[in-house]
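Trainee: Fold the following for me, if possible:
(chains A and B)
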2 protein chains.
Amino acid sequence: MSTPPFESGLLEASLGAFGVVIDTGGAPSDAVDGADLRIDGQRLWRRLMALAQIGATPAGGNRRLALTELDGQGRDLVTQWARELGCSIRVDAIGNIFMRRAGRLDLPAVMTGSHIDTQPTGGKFDGNFGVLSGIEVLSTLHQAGVVTDRPLEVAIWTNEEGSRFVPVMMGSGVYCGAFTLASALAAVDLDGISVATALDAIGYAGSDHIETPACYFEAHIEQGPVLEAHDKVIGVVEAALGQRWYTVTVKGMEAHAGPTPMAMRRDALLCSARLIAEVNAIALANAPNGRGTVGWIENYPNSRNVIPGQVRFSVDLRAADETTLGGMDAALRAACARAAADAHLAIDVEQVVYFPAQAFDATLIASVRQASDSLGLSWMPAVSGAGHDAVYVARVAPTAMIFVPCKDGISHNEIESAEPEHLEAGCNVLLRAMLAAARAPAA
Amino acid sequence: MSTPPFESGLLEASLGAFGVVIDTGGAPSDAVDGADLRIDGQRLWRRLMALAQIGATPAGGNRRLALTELDGQGRDLVTQWARELGCSIRVDAIGNIFMRRAGRLDLPAVMTGSHIDTQPTGGKFDGNFGVLSGIEVLSTLHQAGVVTDRPLEVAIWTNEEGSRFVPVMMGSGVYCGAFTLASALAAVDLDGISVATALDAIGYAGSDHIETPACYFEAHIEQGPVLEAHDKVIGVVEAALGQRWYTVTVKGMEAHAGPTPMAMRRDALLCSARLIAEVNAIALANAPNGRGTVGWIENYPNSRNVIPGQVRFSVDLRAADETTLGGMDAALRAACARAAADAHLAIDVEQVVYFPAQAFDATLIASVRQASDSLGLSWMPAVSGAGHDAVYVARVAPTAMIFVPCKDGISHNEIESAEPEHLEAGCNVLLRAMLAAARAPAA
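Mentor: Residues are numbered from 1 along each chain as shown, chains lettered A, B, ... in the order given. All right, here's what the predicted structure looks like:
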């Protein structure tokens, strides 16, 4: 959709802070002063809307499940844009796509990216914004004739959402060794179709080996309400919260609600209710980033006049560092042990998910902050409460994330919405941060 | 199954406290001293086991739903026993059966009874014990040749359980004017079969008008754990708890559990958990008979990592008197209003069931107590936490109930169990209390 404006001639020129090389082929050099480079917000928006046509829902959202034909069409469209920018395209064995714009030097790349698969009733921005921001950065440099020291690379990670195949963040997880390629390829959807088969079907079963990048950025809508509430345009993400998920089972004794005196009850729901309040108290005691949620509960026999005999419920604890998360884990277990003793009930606490807290790279964080300042954008420090591909990539390369607000903090929903000027701002921060990182180390 | 041992001759004789008339036809008069009359515990047990054959379940319970063919077979069996005792049988328009043993005088009857319909996975004693205790009292008097001043009448109330047709306690409710005959006859089961049709099908659509009795007793297993816990054989039931049932709806806002800080949440489940603890506190504040139970809860969207946006749950409040129950109602509504304000949520409290508390008759209660004492049986005051036909009958006639223990307090369950000697003891108390009530007032 964008046609390269420059066709010939390379004039190497230092661009101050960014150490880039300018292809001036025909363009006036004052138009490509690196410090003044800006992405094209309208082009970014047009591409977002074009991609959103693939799997568009009547309610204005997106349904483009991982490795479906629609996902394939989305991949085709984005890679076509990258090809038009002169990028090379590589695909690894789990179907991650890497669109590379060559650098001046043979150094590890500066990578950005995200995902284009969606929830079944997903929105237009979750993931797509990160991928298309990367494409927009490349387009801007391409248009300005800028050649960076390091290669720049935009990744589309396979199956971030986990709606069709589990686990979530599958492509980045395999890439970073969180789990094996074989296990991911063997995962099947509800129809028994495997990831391997689905990759073949859409033509994205690759075999390229992708070297570890120099660093990784991911721009993303916040998927939470904090930026909007604080009226900030940029969230400088310092860490991804660690997560411990549990299934708690409380075993009491069901009995008739009428004839059973209060003192003789072993009420599993009452005990669970107290624990739900405890989960909240544990989170509050670990402010500002401690979080505790009971989202799921199953009550048995769930009849109005029967004292509940067994309850199972989920606990989701999150914290920004492992020490805090470990303390919350201990507090939960202690609360359950106390409750069991107090109420003469059996309580079982089973941890079912564990993601360690992941701090992002201090230098990259500072660079995102600096980029926001230099662009005159309001920003605040942020944490990522949700999982992102960046959290896995951070295990193998210095990583940072850039958040922009989304309306009412709503995501994973067809009404997910974001302001074009916020998306443009986030993409400009990404451009600056990538340019800074793309500069070769001083000899 | 029992053959009347006395066939001819009536000798009227005063029996001390009971003012009965003895049929001495062939039996030695010292064998029928009223104060020494005892029911036949083995016969009572045999009849319980015989009735339990109709609709017996493999797990040792009973499935004899109201107005099914099995219910009809049960009715046929019990009325056959009553006919063998010389009783007249009447059936009213809702299918309640009244088995009357004539008295010496034309006075309102002393009535007892209960129900023989069961829960889908019910036990052998719930209801059946009350009906067959009445039959056993008649058998004992018949065998001893005793003729009481007042007629004695044993009722089988239609559809007490409410498992097939609602409302529960249908037969006694119609009899006592709690709801109309027409509405009850029009009630349909899940297959669309009406009560009227079902009554016709089993031959129990009657038309007899039944006059209000002088008084009513009902013997019943406790269906709770109190007697067993206190090692008592007889519960002298002083009142039936009033009941107020509610559906509480808490409306918050669902949001992603990761990115949403604690302070920005409107968590419907957390709020509900606090209210569940409040319901318990309200009951404890109204000891010893105040009861509060949340048996049913429905959480939306009920996903581990989504802050719940809406919760509905039941509240079941019970108390032995209307003043206490009214205070508990006010406390619940105040707690919900406070919680709504504190958590910035909308809370709706809808009352869906209301049975007023029902005190039983002081004279009859004293008589049950006296009968227990005179039989040397351990007893304690009790309240009925569950609904019983007696609670409706108490609206039109002086009423009392006699409880006996059931194993582990378990009822509405195929493993429901009771000790033969406890059932025998309860039936002996019923005999004495009915004999005392059957004496004509002094002229």
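
Trainee: all helices for chain A, in order.
Mentor: In chain A, the helices defined using DSSP state H lie at A:41-52, A:69-84, A:128-144, A:170-175, A:181-186, A:195-202, A:226-230, A:268-284, A:322-343, A:362-374, A:389-393, A:420-437.

Trainee: Ok, which of these comes nearest residue B:180?
Mentor: With Cβ to Cβ, the closest approach to residue B:180 among those belongs to helix A:268-284: 36.7 Å. C-betas here are computed from N, CA, C, even on glycine.

Trainee: Identify the residue nearest residue A:385 in space, chain neighbours excluded?
Mentor: residue B:258 (3.1 Å; Cβ to Cβ, 6 or more residues apart in numbering or on different chains).

Trainee: Check residue A:157 too.
Mentor: For residue A:157, the spatially nearest residue (Cβ to Cβ, 6+ apart) is residue A:171, at 3.9 Å.

Trainee: The residue nearest to residue A:385: what's it in contact with?
Mentor: A:223, A:224, A:241, A:243, A:291, A:318, A:384, A:385, A:386, A:387, B:305 (Cβ atoms under 8 Å, 6 or more residues apart in numbering or on different chains).

Trainee: phi, psi of it?
Mentor: Per-residue torsions, residue B:258: phi -80, psi -60 (degrees, to the nearest 10).

Trainee: Just the pLDDT at it, thanks.
Mentor: Looking at residue B:258, its pLDDT is 92.

Trainee: Run the chain-centre distance for stretch A:433-443.
Mentor: 24 Å (Cα atoms, centre = their mean, to the nearest Å).

Trainee: quick one on the thing from earlier: among the helices of chain A, which comes closest to residue B:299?
Mentor: Using Cβ to Cβ, those put helix A:268-284 closest to residue B:299, at 10.5 Å.

Trainee: That closest one - contacts with which helices or strands?
Mentor: Under the contact criterion of 3 or more Cβ pairs under 8 Å, 6 or more residues apart in numbering or on different chains; DSSP states H and E, helix A:268-284 touches strand A:242-251, strand A:291-293, strand A:297-300, strand A:310-319, helix A:322-343, helix B:268-284.

Trainee: Now do that helix against strand B:310-319, angle only.
Mentor: Orientation note: helix A:268-284 sits at an angle of 130 degrees relative to strand B:310-319 (axes from the mean of the first three to the mean of the last three Cα atoms, to 10 degrees).

Trainee: Tell me what angle helix A:268-284 forms with strand A:242-251.
Mentor: Between the axes of helix A:268-284 and strand A:242-251, defined by the same axes, to 10 degrees, the angle is 160 degrees.

Trainee: List the buried residues in helix A:268-284.
Mentor: A:268-280, A:282-283 (16 or more other Cβ atoms under 10 Å in any protein chain shown).

Trainee: And for stretch A:363-378?
Mentor: Result for stretch A:363-378 [16+ other Cβ under 10 Å]: buried residues A:364, A:365, A:367, A:368, A:369, A:370, A:371, A:372, A:375, A:377.

Trainee: mind saving the C-alpha coords of that stretch as CSV?
Mentor: Output of stretch A:363-378 as CSV, limited to C-alpha atoms (Å, rounded to 0.1, in the frame of the first residue of the first chain):
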residue,chain,number,x,y,z
THR,A,363,18.4,0.9,29.6
LEU,A,364,15.5,0.3,27.2
ILE,A,365,13.0,1.6,29.8
ALA,A,366,15.1,4.7,30.0
SER,A,367,15.1,5.0,26.3
VAL,A,368,11.3,4.7,26.1
ARG,A,369,11.0,7.4,28.8
GLN,A,370,13.4,9.6,26.9
ALA,A,371,11.6,9.2,23.6
SER,A,372,8.3,10.1,25.3
ASP,A,373,9.9,13.2,26.8
SER,A,374,11.6,14.2,23.6
LEU,A,375,8.2,14.0,21.8
GLY,A,376,6.6,16.0,24.5
LEU,A,377,4.2,13.2,25.4
SER,A,378,2.8,12.7,28.9
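
Trainee: Mean confidence (pLDDT) on it, please.
Mentor: 98.

Trainee: any idea how chain A splits into domains?
Mentor: A:16-240+A:358-437, A:242-355 (automatic domain parsing).

Trainee: Nearest to residue B:219 among the ones you listed would be which one?
Mentor: domain A:242-355 (15.4 Å).

Trainee: And that closest one, end to end?
Mentor: From its first residue to its last, domain A:242-355 covers 5 Å (Cα to Cα, to the nearest Å).

Trainee: Give me the distance from it to the chain's centre.
Mentor: What separates the centre of domain A:242-355 from the centre of its chain is 29 Å, taken as Cα atoms, centre = their mean.

Trainee: And stretch A:197-217, by the same measure?
Mentor: In terms of Cα atoms, centre = their mean, the centre of stretch A:197-217 is found 18 Å from the chain centre.

Trainee: Next, the buried residues of that stretch.
Mentor: A:198, A:199, A:202, A:204, A:205, A:206, A:210, A:213, A:214, A:215, A:216, A:217.

Trainee: Please identify the one among those that lies nearest to residue B:297.
Mentor: For the buried residues of stretch A:197-217, the nearest to residue B:297 is residue A:198 (38.6 Å; Cβ to Cβ).

Trainee: Could you find the closest non-adjacent residue to the closest one?
Mentor: Using Cβ to Cβ, 6+ apart, the closest residue to residue A:198 is residue A:67 (3.7 Å).

Trainee: residues contacting that neighbour?
Mentor: By Cβ under 8 Å, 6+ apart, the neighbours of residue A:67 are A:95, A:117, A:158, A:159, A:164, A:165, A:195, A:198, A:199, A:201, A:202, A:204.

Trainee: Repeat that for residue A:244.
Mentor: Here residue A:244 is in contact with A:316, A:317, A:318, A:325, A:328, A:329, A:351, A:353, A:354 (Cβ under 8 Å, 6+ apart).

Trainee: what's the burial count for the third one?
Mentor: If you count neighbours by other Cβ atoms under 10 Å in any protein chain shown, residue A:318 ends up with 30.

Trainee: Correct me if wrong: residue A:221 contacts residue A:406.
Mentor: Yes: if you go by Cβ atoms under 8 Å, residue A:221 and residue A:406 touch, sitting 4.0 Å apart.

Trainee: Name the residues contacting each of those two.
Mentor: Common neighbours of residue A:221 and residue A:406 (Cβ under 8 Å, 6+ apart) are A:125, A:416, A:418.

Trainee: hang on, the earlier thing: hmm, residue A:161 and the residue nearest to residue A:157 touching each other?
Mentor: No: in this structure residue A:171 lies outside contact range of residue A:161 using Cβ under 8 Å: 11.0 Å.

Trainee: Tell me how far the residue nearest to residue A:157 lies from chain B.
Mentor: 20 Å (Cβ to the nearest Cβ, to the nearest Å).

Trainee: List the residues that contact that residue.
Mentor: Contacts of residue A:171 (Cβ under 8 Å, 6+ apart): A:94, A:95, A:96, A:115, A:157, A:158, A:159, A:160, A:389.

Trainee: again, but for residue A:393
Mentor: Here residue A:393 is in contact with A:111, A:172, A:175, A:176, A:216, A:218, A:399 (Cβ under 8 Å, 6+ apart).
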